[in-house]
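[1] Provided below are the primary sequence and the corresponding predicted coordinates.
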Amino acid sequence: MYTRIQKIKSFPKNTTILYLVKSFDEINANFFSYEELTFIENESKNNKKTSFSFNRFTHWDYVEIVKEKKNNFHFLESLRVLADKYSAIFNEACMEEVGIHSLSFTIEESMAFAEGLVLANYQFNKYKTDKELKFNSLKNILFQDKSITEELLEELNIVTEATLIARTLVNEPVNFMNAPQLAKEIEMLAKDADAKVEIFGKSKIEALKMGGLLAVNKGSIDPPTFSIFEWNPENAVNKKPLIFVGKGVVYDTGGLNIKTGNFMNNMKCDMGGAAAVAGAVFAIAKAKLPVHVIGLVPATDNRLNNNAYVSGDVITMFNGMTVEVLNTDAEGRMILADALAYAQKYDPELVIDLATLTGAAAHAIGKYGIVAMGSKSEAFLKDLKLSGEKTGERLVEFPFWEEYEEQIKSEIADMTNLGGAEGGAITAGKFLEKFTNYPYIHLDIAGPALVEKRFNYRGVGGTGVGVRLLFDFAKKRSEKKK
Ligand code: BES
Ligand code: ZN
Ligand code: ZN
């Protein structure tokens, strides 16, 4: 279904090949005629041209002379972005299979390009009925490089597939992807990956007294769900689990503090954190990484009816703490707080939550990165930042000073769910921190979870941000002992 990357001994005859080179000298008479080589040399030297294409009638040959960057992570990202350009070219020409010739590239560099190609090639066309529409044709990417192992390519296929699954979860509108459906999708992913899954329905959530999740769900006609997606292999290197918590607000109207103007547009993206967690645990399980991970996904929509929670309500949360609701649109922290408190029972090594939590985070850094905060987790955050640089899902650390807690003090309850005008992303994080007693990292993905216009290989709509980040982090963790 998605574009696959394959390794083969030699390219079949008449395969379209893209020669990725770092300098002109790498292209030689084995592949191109003397006239062609002279042409490439002249055009690249005199006119700084870097892209060349040759029509062989049965197929094409492309040459791209790429410029290296000082920072290797920036170079990897530039290769993914370059792949986006080639995805458009290949699809325009209706190609189904292309070979990549990148002998002077490191494995990481070749894989970054292939990754970009697969991710760029994604389309969400489930709801298109026009038979005349031409969909992307590219299905197979071939590598001849001996040094790339089948194992690494399979892992790349898994991670890209998981990223695209996360995109689809976000792109699906709430009239399909409600909370019960999201739980079903997680169940299917767990089955596919041979992992454990448990879904709590409304009665179990009531029995557990998850007050935050139930309060947000009061205005909904659909029941809430709470999904537990666990990968616990026998050879896990960690004694205590790594836990990922994803905000699963399948649609955010704001509730009675209803979103006005066009602020409600695209609020189907409010389960972007849940999608990332589902995708990441799926990929980790499918790749059989020796690391114990648990994904927790509290899910509901945030709507209004005559039973909806209101501003002024005091809610008793799962851990017994009380919250004075001052804005029904600050619902993400209500449902996440219950999941974070629930995570305590696993005595986790680290908990990372991903949430499209605040407009403030999106305003501060836009779609270009993830806003991060951490408590008792310095070394983990350092590793996670590195994974962010490597995968192009970069983190910006915000302060997490205790002074911000002033803003969420309540006169009548343990806290309010609303901060003041300053540092909205941070006061939201501080609220969540109150429900943790373990090393904790909070990731606000409100900016990058969904893009309205095409943003290179990230496509348009849901981006699947977080999947590759968490996978890389878990992989690094699985390579350490402890
Ligand atoms: N889901 C929104 C945050 C959001 C904004 C996500 C833009 C993606 C893009 C969240 O539930 C919300 O409404 N936050 C409020 C919080 C406020 C009421 C304290 C916000 O940021 O305005
Ligand atoms: Zn909201
Ligand atoms: Zn929300």
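    Thanks, I have the structure now. Ligands and ions are numbered 1, 2, ... in the order given.

[2] From residue 290, how far out is the closest residue to residue 455 other than its chain neighbours?
    In this structure, residue 455 finds its nearest non-sequential neighbour in residue 367, 6.3 Å apart by CB to CB, 6 or more residues apart in numbering. In this view, the C-beta of every residue, glycine as well, is placed from N, C-alpha and C. Distance, residue 367 to residue 290, using CB to CB, to the nearest Å: 34 Å.

[3] Also residue 302?
    Counting by CB to CB, the gap from residue 302 to residue 290 is 38 Å.

[4] Please say which of those two ends up with more neighbours.
    Neighbour count, other CB atoms under 10 Å: between residue 302 and residue 290, residue 302 has more, with 31 against 18.

[5] which SS state does residue 470 fall under?
    helix (DSSP: H, G, I helix; E, B strand; the rest coil).

[6] ok, back up a step: quick check, the residue nearest to residue 455 in contact with residue 448.
    Yes - in this structure residue 367 lies within contact range of residue 448 using CB atoms under 8 Å: 4.8 Å.

[7] These two - which one has more neighbours?
    When residue 367 and residue 448 are compared for neighbours, residue 448 comes out ahead with 26 against 18, by other CB under 10 Å.

[8] Which pLDDT value belongs to that one?
    Residue 448 is assigned 98 on the pLDDT scale.

[9] Could you pull up phi and psi at residue 279?
    When read as degrees, to the nearest 10, the backbone of residue 279 gives phi -60, psi -40.

[10] oh, I was asking about residue 19
    Per degrees, to the nearest 10, the backbone of residue 19 is at phi -90, psi 110.

[11] Could you double-check that it sits in contact with residue 65?
    No - with contacts counted by CB under 8 Å, residue 19 stays clear of residue 65, the gap being 9.1 Å.

[12] elements contacting the top strand by length along the chain?
    Looking across the chain with DSSP state E, the single longest strand is strand 293-302. Identification of packing neighbours for strand 293-302 by 3 or more CB pairs under 8 Å, 6 or more residues apart in numbering; DSSP states H and E yields helix 179-192, helix 211-217, strand 225-231, strand 242-246, strand 248-252, helix 272-286, helix 332-343.

[13] which one of those lies closest to ligand 2?
    Among the helices and strands packed on strand 293-302, the nearest to ligand 2 by CB to the ion is strand 248-252 (4.4 Å).

[14] then that closest one to PDB, C-alphas only?
    Taking Å, rounded to 0.1, in the frame of the first residue of the first chain, the C-alpha atoms of strand 248-252 are listed here in PDB:
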ATOM      1  CA  GLY A 248      -6.400  11.700  21.900                       C
ATOM      2  CA  VAL A 249      -8.900  14.500  21.500                       C
ATOM      3  CA  VAL A 250     -10.500  13.300  18.300                       C
ATOM      4  CA  TYR A 251     -12.100  16.700  17.700                       C
ATOM      5  CA  ASP A 252     -11.800  19.900  19.700                       C
END
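
[15] Direction included, what does it pair up with?
    With DSSP bridges as the test, strand 248-252 is paired with strand 293-302 (parallel).

[16] Can you point out the buried residues in the next helix-or-strand element following the strand it pairs with?
    Where DSSP states H and E defines the elements, the next helix or strand beyond strand 293-302 is strand 314-316. For strand 314-316, the neighbour count (16 or more other CB atoms under 10 Å) marks 315-316 as buried.

[17] start the count at 54, not 1, going forward
    Sure thing, new numbering starts at 54, so read that last one as strand 367-369.

[18] Now do strand 367-369: which elements does it pack against?
    helix 264-270, strand 375-377.

[19] To what extent is residue 74 buried, counted in neighbours?
    For residue 74, using other CB under 10 Å, the count is 19.

[20] Buried ones in whichever strand or helix holds residue 106, by neighbour count?
    According to DSSP H and E, residue 106 maps onto strand 104-108. By neighbour count with 16+ other CB under 10 Å, strand 104-108 contains the buried residues 104-105.

[21] still on that earlier bit, the residue nearest to residue 508 - that's part of a strand, no?
    No - applying three-state DSSP, one finds residue 420 to be helix, outside a strand.

[22] now it: how far from ligand 1?
    In this view, residue 420 and ligand 1 are 10 Å apart by CB to the nearest ligand atom, to the nearest Å.

[23] Look at that residue and report its pLDDT.
    At residue 420, the model reports a pLDDT of 98.

[24] so what's it up against?
    500-501, 504, 508 (CB atoms under 8 Å, 6 or more residues apart in numbering).

[25] Do a quick rundown of the strands in the stretch 404-535 of the chain.
    Using DSSP state E, counting those that start in this stretch, the strands of the stretch 404-535 of the chain run over 423-428, 448-450, 468-469, 493-497, 503-504, 514-515.

[26] which of these sits most buried?
    strand 493-497 (a mean of 28; mean count of other CB atoms under 10 Å).

[27] Wondering if that strand reaches ligand 2 at all.
    No - judged by CB under 5 Å from the ion, strand 493-497 stays clear of ligand 2, getting no closer than 12.7 Å.

[28] Repeat that for stretch 410-428.
    No - on the criterion CB under 5 Å from the ion, stretch 410-428 is out of touch with ligand 2, staying 8.6 Å away.

[29] now for that stretch, what's the gap between its first and last residues?
    One end of stretch 410-428 sits 18 Å from the other (CA to CA, to the nearest Å).

[30] Wondering if it reaches ligand 3 at all.
    No - judged by CB under 5 Å from the ion, stretch 410-428 makes no contact with ligand 3; its nearest approach is 7.0 Å.

[31] Keep only the contacts of residue 420 that also lie close to ligand 1.
    By CB under 6 Å from any ligand atom, no member of the contacts of residue 420 lies near ligand 1.

[32] Of those residues, which is the nearest to residue 174?
    Nearest to residue 174 among the contacts of residue 420: residue 508, at 14.8 Å, using CB to CB.

[33] Residue 516 is in contact with the closest one, correct?
    Yes - the criterion here is CB under 8 Å, and residue 508 meets it with residue 516 at 7.2 Å.

[34] So if I had to pick from those two, which one is more boxed in?
    Between residue 508 and residue 516, counted using other CB under 10 Å, the more crowded position is residue 516 (28 against 16).

[35] can I get the helices and strands packed on strand 346-355 in a markdown table with mean neighbour count?
    Listed next are those as a markdown table, based on neighbours: other CB atoms under 10 Å:
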| stretch | mean neighbour count |
| --- | --- |
| helix 232-245 | 20 |
| helix 264-270 | 28 |
| strand 278-284 | 25 |
| strand 295-299 | 30 |
| strand 301-305 | 28 |
| helix 325-339 | 31 |
| helix 385-396 | 27 |
